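1. the following block contains a protein sequence and its predicted model.
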Amino acid sequence: KQFKLRPSATKHWDIEAFSPSKINLFLRIIGKRPDGYHDLGSLFQAISLGDDLKVSKLAEDAPDEFSCNMPGVPTDDSNLVI
């Protein structure tokens, strides 16, 4: 399995997962929905490249934290991960 869920020593949950990359073989906009988003048609192939994701639960009152070891990736609120 590529997904593991395990309790940590501090009783919080840690998640480690591999998120595979994909190559879009085609992507078509089928139509626009009433909510402003678009319906899409797509065919893609997963490949062996990807990202290792590690998530830890923080204390209830702690601010969100994000770190990345790739230069140029924003680690502030402009990143959609947060």
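-> Perfect, I can see it now.
2. please, which helix or strand holds residue 17?
-> Taking DSSP states H and E as the definition, one finds residue 17 inside strand 13-32.
3. which neighbouring elements make contact with the helix or strand that that strand is followed by?
-> The helix or strand immediately downstream of strand 13-32 is strand 38-56, counting by DSSP H and E. The contact analysis (3 or more CB pairs under 8 Å, 6 or more residues apart in numbering; DSSP states H and E) places strand 38-56 against strand 13-32. C-beta here means a position set from N, CA and C on the backbone, and glycine is covered the same way.
4. okay, now the sheet partners of the strand it packs on, with direction.
-> Within its sheet, strand 13-32 is paired with strand 3-7 (antiparallel), strand 38-56 (antiparallel), according to DSSP bridges.
5. can I get the strand holding residue 17 as CSV, trimmed to CA atoms?
-> Provided in CSV are the C-alpha atoms of strand 13-32 (Å, rounded to 0.1, in the frame of the first residue of the first chain):
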residue,chain,number,x,y,z
TRP,A,13,-2.2,11.1,13.9
ASP,A,14,0.5,11.2,11.3
ILE,A,15,-0.3,10.4,7.6
GLU,A,16,2.4,9.4,5.1
ALA,A,17,1.3,9.0,1.5
PHE,A,18,2.8,8.9,-2.0
SER,A,19,1.0,11.1,-4.4
PRO,A,20,1.8,9.9,-8.0
SER,A,21,2.2,12.4,-10.8
LYS,A,22,0.1,12.0,-13.9
ILE,A,23,0.4,12.9,-17.6
ASN,A,24,-2.8,14.3,-19.2
LEU,A,25,-3.2,12.7,-22.5
PHE,A,26,-6.0,15.1,-23.3
LEU,A,27,-8.1,17.6,-21.4
ARG,A,28,-11.3,19.1,-22.7
ILE,A,29,-13.7,21.7,-21.3
ILE,A,30,-17.1,20.1,-21.8
GLY,A,31,-19.2,23.0,-20.4
LYS,A,32,-19.6,25.6,-17.7
